[in-house]
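Student: Build me a structure from this.
(one chain, ligands or ions: 1)
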Amino acid sequence: MTQQLKAKMILDKEFRISEVDKRIYGSFIEHLGRAVYGGIYEPGHHTADENGFRRDVLDLVTELQVPIIRYPGGNFVSGYNWEDGVGPKEQRKRRLELAWRTIETNEVGTNEFVQWAKEANAEVMMAVNLGTRGIDDARNLIEYCNHPGGTYWSDLRKQHGFEQPHKIKTWCLGNEMDGPWQIGHKTPVEYGRLAIETAKVMRWVDPDIELVACGSSSANMPLFPEWEATVLDHTYDSVDYISLHQYYGNRDNDTPNYLALSMNMDHFIKTVISTCDYVKAKKRSKKTLNLSFDEWNVWYHSNDADRKIEPWSIAPPQLEDIYNFEDALLVGSMLITFLKHADRVKMACMAQLVNVIAPIMTENGGKSWRQTIFYPYLHASVYGRGVSLQPVVSSPKYDSKQFTDVPYLDTASVYNEEKEEVTIFAVNRHLEEPLQLACDVRSFEGYRVAEHIVLEHDDLKAVNTAESETVKPHNGGNARLNDGIIEAALPKASWNVIRLVKA
Ligand code: AHR
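Tutor: Take a look at the predicted model:
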C-alpha cells in the first residue's frame with residue numbers, strides 16, 4: 001500500500017508579508033510579431049471598433065483585469081523612433097525593425113496604445129529608447145505625453161487629437177541594456193551614467209513619474225549581479241525600481257525539474273534584493289529600492305519555428321508559443337513566487353499579452369482564445385489582491401536535476417480584509433499522487449469555503465486551440481472546513497485556488 005502524501009500549513013491573519021501591489025499582475029505588449037497587428041489591432045476584423053481595436057481581444061484582456069501594461073518593448077524599443085508612430089497615419093513611415101528583423105508600419109503608436117490601454121482599464125508602463133537614442137529623445141517623449149500644453153511637443157500632442165496629457169506615471173529607462181543582442185548594448189558604467197542623466201531630465205519635465213532601471217536580462221547573464229551593483233551605484237537615488245527578466249522552458253522534457261524552476265526565480269529575486277540592500281548600505285541610504293519583474297513567462301516552444309521566419313515581413317507569427325498544461329503549473333508557481341515577495345516585488349509583467357508568448361491567442365480575421373496559462377494568471381489577478389500572508393508550511397519534498405528539497409506543495413495566500421475573503425493558491429508538483437492538505441485557518445473565525453477551483457489534466461502536454469479548450473478549470477475541488485482546519489485533496493499535478501469567505 002502506498003503512503004498518502006500529506007502536507008500541513010498554518011495561515012494566520014497576523015502573519016503578514018505585505019500588501020500586494022496589484023501591479024504584479026501587469027503584462028506587456030511589444031511591437032513584435034502579431035502582438036499589435038493581428039492581436040490588439042486589426043481594423044478589418046468583425047469585432048474591431050472605430051479605432052481598429054479588436055473587441056474580442058479587449059474583452060479577454062479585461063477579463064484578466066490587467067492593471068498595467070509595458071509598451072512598446074522589449075528589444076524593439078532600443079531602435080524605436082517614437083515620432084514615427086504619432087500624427088496622421090497616412091504619413092507614417094515604414095521602417096526596418098532591426099531587433100526582430102521585420103517591417104514596422106507604425107500604424108499603431110503612442111497615442112493609439114494609450115487609448116487602447118484606457119479601454120482595457122490598464123495603466124501604461126512606457127519604455128524609452130536608450131539604445132540608439134538617449135536623453136533628448138526621452139525628454140521630448142515625456143513632454144509630448146505628460147506636459148499639459150504651451151510647448152512644441154505638448155502642443156503637437158494636442159494637434160494630434162489628444163488635448164489632455166496622458167499622465168503616464170511609470171517609465172522604463174531602456175530595455176535589457178546588458179544583452180549583447182540589444183541595439184546599443186552597454187557596459188554597466190555606460191548604462192548607469194546614461195540612466196541617471198536621463199532620469200534627472202525626465203523628472204525635471206515631470207516630477208511625478210516613477211522610474212525603472214534595467215537590471216540583468218536574466219539570472220544567467222555573465223555580469224549578474226555585478227551589473228545591478230554597478231548600475232545602482234550610479235542610479236540608486238534617482239530610480240524607484242530595478243527590473244528583472246526571466247523565461248523558462250522544459251527543453252529536456254524533465255517535468256519534475258521544470259516545475260521546480262520557480263525556485264530559481266525565488267533565488268533570483270532574493271539575490272537582487274540583497275544587491276539593492278548592499279547598495280543601500282554602501283550609500284548609507286534610508287531609501288529601500290523595490291523590484292519590477294517586468295518580463296517573465298515560459299518561452300521555448302516557438303524557438304525552432306522562429307528561426308524559419310522570412311526576414312522583413314510584416315507582423316509574422318513570431319514567438320507564438322502554444323502552451324501546454326504543465327506550463328500553466330509553472331506559471332502558477334511563478335505567480336506564487338511574486339506573492340511570497342510581495343514586500344519587494346511591486347510590479348511584474350507577464351511577457352507578453354497577446355499572440356507573442358501570451359495567454360491570449362488570435363487568428364487573423366478569426367477567433368481569439370485562452371491558452372492554458374491564462375487561468376493561473378486570471379485567478380491570481382482576480383483573487384490575489386489584499387495582503388500576502390506568510391504561511392507556515394510543512395510539505396514532503398523531492399530532489400530534481402537542478403534542485404534539492406523541492407516541496408511538492410508550492411503555496412501562497414492573500415487576505416482581502418475589505419471583502420473578508422482569503423484565497424489560498426497552491427500547486428501540487430507531484431506528478432502521480434494527490435497531496436492531502438490540512439490547513440489551519442483558526443484565526444479566520446466565521447469563514448467558510450466558497451469554492452475550490454482546480455486546473456488539472458491527465459496529459460501534461462495538453463494544449464488549448466481556437467477550436468477546443470481542453471485545459472480549463474473546474475470548481476469541483478473537495479476542500480472542506482471543519483473546526484478551523486481546511487482539509488483538501490490537491491489532485492496530482494494541479495493548480496488550486498481555495499477561496500474562503502465570511503459566512
Ligand atoms: O519578450 C520578448 C523579448 O524578451 C523582449 O523583447 C526582450 O526584452 C526579451 O529578451
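Student: List the buried residues of stretch 171-180.
Tutor: Of the residues in stretch 171-180, those with enough neighbours to count as buried (16 or more other CB atoms under 10 Å) are Trp171, Cys172, Leu173, Gly174, Asn175, Glu176, Met177, Asp178, Gly179. C-betas here are computed from N, CA, C, even on glycine.
Student: anything in it near the ligand?
Tutor: Yes - using CB under 6 Å from any ligand atom, a contact is recorded between stretch 171-180 and the ligand, made by Asn175, Glu176.
Student: mean confidence score for that stretch?
Tutor: Along stretch 171-180, the predicted local confidence has a mean pLDDT of 98.
Student: how about it as CSV, C-alpha atoms only?
Tutor: Taking C-alpha atoms only, stretch 171-180 is exported to CSV below (Å, rounded to 0.1, in the frame of the first residue of the first chain):
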residue,chain,number,x,y,z
TRP,A,171,8.8,54.7,-17.2
CYS,A,172,11.4,52.1,-18.0
LEU,A,173,14.9,53.5,-18.7
GLY,A,174,15.6,51.3,-21.7
ASN,A,175,15.4,47.6,-22.1
GLU,A,176,17.9,44.8,-21.3
MET,A,177,20.9,47.0,-21.9
ASP,A,178,23.3,44.3,-20.6
GLY,A,179,22.4,42.0,-23.5
PRO,A,180,24.8,41.8,-26.5
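Student: SS state for Glu143?
Tutor: Reduced to three states with DSSP: H, G, I helix; E, B strand; the rest coil, the structure at Glu143 is helix.
Student: Can you tell me the closest non-neighbouring residue to it?
Tutor: On the basis of CB to CB, 6 or more residues apart in numbering, the spatially nearest residue to Glu143 that is not a chain neighbour turns out to be Trp153, at 4.1 Å.
Student: Spit out the contact partners of that neighbour.
Tutor: Contact analysis of Trp153 by CB atoms under 8 Å, 6 or more residues apart in numbering lists Asn140, Leu141, Glu143, Tyr144, His147.
Student: Just name the closest of these to Ser400, please.
Tutor: Taking CB to CB as the measure, Ser400 sits nearest to Leu141 out of the contacts of Trp153, at 45.3 Å.
Student: quick one: secondary structure of the residue nearest to Glu143?
Tutor: Assigned state for Trp153: helix (three-state reduction, three-state DSSP).
Student: Check the gap between it and Asp254 for me.
Tutor: As judged by CB to CB, to the nearest Å, Trp153 and Asp254 stand 52 Å apart.
Student: do the same with Leu98
Tutor: According to CB to CB, Leu98 and Asp254 sit 36 Å apart.
Student: Tell me which residue in the stretch 301-450 of the chain sits closest to the ligand.
Tutor: Ala351 (4.2 Å; CB to the nearest ligand atom).
Student: neighbours of that residue, just the number please.
Tutor: 26 (other CB atoms under 10 Å).
Student: list the contacts for it?
Tutor: With contacts defined as CB under 8 Å, 6+ apart, Ala351 is in contact with 27-28, 30, 70, 74, 245, 247, 294-297, 299, 357.
Student: Could you give the bridge partners of it?
Tutor: When bridges are called by DSSP bridges, Ala351 pairs up with Phe28.
Student: can you confirm Ile242 is in a strand?
Tutor: Yes - per three-state DSSP, Ile242 lies within a strand segment.
Student: Is there a neighbour count for the nearest residue to it once chain neighbours are set aside? I'd like the number.
Tutor: Nearest non-adjacent residue to Ile242, counting by CB to CB, 6+ apart: Gly215, 4.5 Å away. A total of 30 residues lie near Gly215 under the criterion other CB under 10 Å.
Student: repeat for Pro67
Tutor: Applying the criterion other CB under 10 Å, we find 19 residues in the vicinity of Pro67.
Student: With Thr288 instead?
Tutor: For Thr288, the neighbour count with other CB under 10 Å is 11.
Student: sec struct for it, please.
Tutor: Classification of Thr288 by three-state DSSP places it in coil.
Student: so who does it touch?
Tutor: Taking CB under 8 Å, 6+ apart as the criterion, Thr288 is in contact with Cys276, Asp277, Lys280, Arg344.
Student: In the stretch 201-350 of the chain, what residue comes closest to the ligand?
Tutor: Nearest to the ligand in the stretch 201-350 of the chain, going by CB to the nearest ligand atom, is Glu295, at a distance of 5.5 Å.
Student: Could you list every helix and strand in contact with the strand or helix carrying that residue?
Tutor: Assignment of secondary structure by DSSP states H and E places Glu295 within strand 290-298. For strand 290-298, the elements it packs on are strand 26-28, strand 241-248, helix 261-282, helix 325-340, strand 345-351, judged by 3 or more CB pairs under 8 Å, 6 or more residues apart in numbering; DSSP states H and E.
Student: Of these, flag the one that's most buried.
Tutor: Highest mean neighbour count among the helices and strands packed on strand 290-298 (mean count of other CB atoms under 10 Å): strand 26-28, with a mean of 28.
Student: Give me the mean pLDDT for that one.
Tutor: Predicted confidence along strand 26-28 averages 98 (mean pLDDT).
Student: which is the next helix or strand following it?
Tutor: Tracing the chain past strand 26-28, the next element assigned as helix or strand by DSSP H and E is helix 55-64.
Student: where do the strands sit along the stretch 351-500 of the chain?
Tutor: Along the stretch 351-500 of the chain, the stretches classed as strands by DSSP state E, counting those that start in this stretch are 360-362, 368-370, 387-389, 392-394, 397-398, 406-407, 409-416, 421-428, 435-440, 447-455, 480-482, 485-490, 494-502.
Student: what does the stretch 101-250 of the chain give?
Tutor: For the stretch 101-250 of the chain, the strands identified by DSSP E, counting those that start in this stretch occupy 102-104, 123-128, 170-173, 210-213, 241-248, in order along the chain.
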